[in-house]
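**Q** Just to be clear, the model below is a prediction. Sequence and coordinates:
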Amino acid sequence: MGMCGNASFWAITALVVVIIAMVLDIVGFATISWMVYQITTNSIRVGLWKMKSCVADACTEGSVSSSLKNGNFTATQGFEIMTFILLLLAPIAIGVYVFVRSIRGTCLAYTAMVLCFSAAFFGFVGMVCWLAYVPDPYVVSYSFGLTVLASILACIAGLLLIPDVLDDGRQVTPNRRF
């Protein structure tokens with residue numbers, strides 16, 4: 001594998017999957033369509049940080065109304081922030097594992113795997129909090145779905161690292177053993 005040296009197929013695949021998960025999570029985290037309420041030409045879109053109200057052709061965007069914020073909303077924000085941070089760190093850890101042979105070892109593989117599983121865990125807990133939060137006239141929308149998909153992909157990336165964690169043959173470098 002050219003520039004990836006002798007990194008395993010599983011580790012390289014995990015890197016690709018976690019990068020896709022990171023991009024999906026960033027898009028879902030930042031967009032304002034976590035829940036939507038629409039009646040004919042009027043709509044309200046609510047995200048984690050902003051909301052947008054459209055009446056006919058006039059739209060206004062601002063911070064989320066305090067009437068929509070409660071404990072589950074705040075909990076979802078917190079869990080999604082943790083997911084966001086972990087999905088920024090996981091590609092770095094897996095990238096170092098794949099591209100830097102001299103420090104490729106069990107400890108780094110475990111770290112990358114734990115980052116992926118932790119991101120997935122926090123994403124799923126955030127999903128549960130959001131589903132418990134969504135008020136009656138609203139329905140969940142695509143931003144929520146993107147973060148759920150990102151959590152699923154983070155879990156898959158963690159699973160793809162299991163062969164590298166269990167493979168003792170990869171941990172031998174010319175000068176030292178990890």
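**A** Arrived safely. Keep in mind it's a predicted model, so treat the numbers as computed, not measured. Numbering: from 1, shown residues only.

**Q** For the rest of this, base every contact and every neighbour count on C-alpha atoms.
**A** Will do.

**Q** Could you report the neighbour count for Ile32?
**A** Neighbour count for Ile32, taken as other CA atoms under 10 Å: 24.

**Q** Go ahead and confirm it touches Glu61.
**A** No: using CA atoms under 8 Å, Ile32 makes no contact with Glu61, being 9.6 Å away.

**Q** who touches both of the two?
**A** Contact criterion CA atoms under 8 Å, 6 or more residues apart in numbering; residues shared by Ile32 and Glu61: 50-52.

**Q** So Leu88 versus Ile94, what's the distance?
**A** For Leu88, the distance to Ile94 equals 11 Å [CA to CA, to the nearest Å].

**Q** Comparing these two, which residue is more hemmed in?
**A** When Leu88 and Ile94 are compared for neighbours, Ile94 comes out ahead with 29 against 20, by other CA under 10 Å.

**Q** just checking, next helix/strand downstream of the host helix or strand of Ile94?
**A** Element membership for Ile94, per DSSP states H and E: helix 71-99. Where DSSP H and E defines the elements, the next helix or strand beyond helix 71-99 is helix 106-133.

**Q** hang on, the earlier thing: which of the shared contacts of Ile32 and Glu61 has the most neighbours?
**A** Most neighbours among those, by other CA under 10 Å: Met51, with 21 neighbours.

**Q** Run through who's touching the one helix or strand that one maps to.
**A** Following DSSP H and E, one finds Met51 within strand 50-55. Residues outside strand 50-55 that contact it (CA under 8 Å, 6+ apart) are 32, 41-46, 59-65.
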